[in-house]
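[1] sequence and predicted model, in that order:
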Amino acid sequence: MTERDRAEPDYTELLLGRPRILCRRDVSRGADVSLLSARKFWHALGFPIINTDDEMFTEADREALASLAGLVRDGALDEPTALSLARAFARSADRLAGWQSQLIAEAVEEELASREELDEVDQSRPVPTLETATETARRIAELTDRLEPLLIYAWRRHLSATVSRMIADADPEKYGMTKVRSVGFADLVSFTALVRKMSERDLARLVQRFEALSADVITAHGGRLIKTVGDEVLFTTVSAAPAAAISLDLVDAMAEDELLPDVRVGVARGPIISRLGDVFGTTVNRASRLTAAAQAATVLVDGPTARELAELSGFELHGQRRRVLRGVGAVTPSVLRRA
């Protein structure tokens, strides 16, 4: 062991909050489950199967396995559902951990650069320096206990909103809603060309800016941000008017932002299928195809959206020629503008 190894704290133990004193058999025995069941749970959480008997686990691992096994044993959940819930937690937590670590690493790198009075951070480096990575790990370890309550709060709030939507969709007579949604896609124009010109760091900053700005606009109008994939964002709203307002505000926001290129938006209205936090169906496909057909800084909407918006003030609709969209069929779109 080198002097550096002795000086470096064990960030894994610091983040887990407990010492690693258990092997896999200790965990399964302590949770009163078989090694096979323990392996299924571990794998569902997105971690590779461990076949050694090294002390790699903590009491928190045993408690988590015992908790999940207890839900199945008590009949609250069957095993496939319990494992699916574990996968849902794992997928979300993995993306969240990577996202937050990157944000802190970028802040640390900027601080270190300014402290050393550098003109700018090395744009050619694809990964953080060792100094940045170590300082990031230290800060994350310090922040974890303070951030954890925020994570639980956000999860409960979003769970509440999701359950409310589910009840509304299941009881349209009482709530006046059905499983019909307005679906919008927003797509950055000429993104592929930008990728070839920009450094990795600038590209990451652009994507982060796009995601943040889009999220602010969508949530401000009560929309639901489904997902962002690099240069594209997908959102839904219950009625057409908020979707129209979001689309127009996205166009304006990107046009006013010095970092971002123009955006084009496609909006469609109709039934959707919700699954695993995502949405599917013909309506989603139609919105995607409309986005591809739209011009820069333009919003293109389908017939059902145009008919609903035509009864409202504040919007102008300019009908376009009938066209056939790949995989969707014939559509008569309209360009949406502010009145």
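    Sure, I can see it. Residues are numbered from 1 along each chain as shown.

[2] in the stretch 151-300 of the chain, which spans are helices?
    According to DSSP state H, counting those that start in this stretch, the stretch 151-300 of the chain carries its helices in the segments 172-175, 191-197, 200-220, 240-256, 282-293.

[3] tell me which residues are up against the last one.
    With contacts defined as C-beta atoms under 8 Å, 6 or more residues apart in numbering, helix 282-293 is touched by 181, 183-187, 232, 234, 264-272, 300-302, 323, 325-328, 331, 333. Quick note: C-beta positions are derived from backbone N, CA and C, even for glycine.

[4] out of the helices of the stretch 151-300 of the chain, which comes closest to Glu63?
    Smallest distance to Glu63 across the helices of the stretch 151-300 of the chain (C-beta to C-beta): 33.9 Å, for helix 200-220.

[5] quick one, that closest one and helix 240-256 angle?
    Interaxial angle of helix 200-220 relative to helix 240-256 (axes from the mean of the first three to the mean of the last three C-alpha atoms, to 10 degrees): 150 degrees.

[6] quickly find the element holding Val324.
    strand 323-325 (DSSP states H and E).

[7] which parts of that strand are buried?
    Leu325 (16 or more other C-beta atoms under 10 Å).

[8] contact partners of that strand?
    Outside strand 323-325, the residues touching it (C-beta under 8 Å, 6+ apart) are 286, 289-290, 293, 330-333.

[9] who's in contact with the residue positioned nearest the centre of the chain?
    Against the mean C-alpha coordinate of the chain, by C-alpha atoms, centre = their mean, the closest residue is Lys227 at 5.2 Å. If a contact means C-beta under 8 Å, 6+ apart, then Lys227 has 233-234, 277-278 as its contacts.

[10] most neighbours out of those, which is it?
    If you count neighbours using other C-beta atoms under 10 Å, the busiest of the contacts of Lys227 is Val233, which has 26 neighbours.

[11] surely that one is in contact with Phe210?
    Yes. Using C-beta atoms under 8 Å, Val233 is in contact with Phe210, at 7.4 Å.

[12] now Leu143: closest residue in space that isn't a chain neighbour?
    Leaving aside its sequence neighbours, Leu143 sits nearest to Ile104 (C-beta to C-beta, 6 or more residues apart in numbering; 7.8 Å).

[13] mind listing what that neighbour touches?
    Ile104 touches 136, 139-140, 143, counting by C-beta under 8 Å, 6+ apart.

[14] name the helix or strand for Glu316, please.
    Assigned by DSSP H and E, Glu316 falls in strand 315-319.
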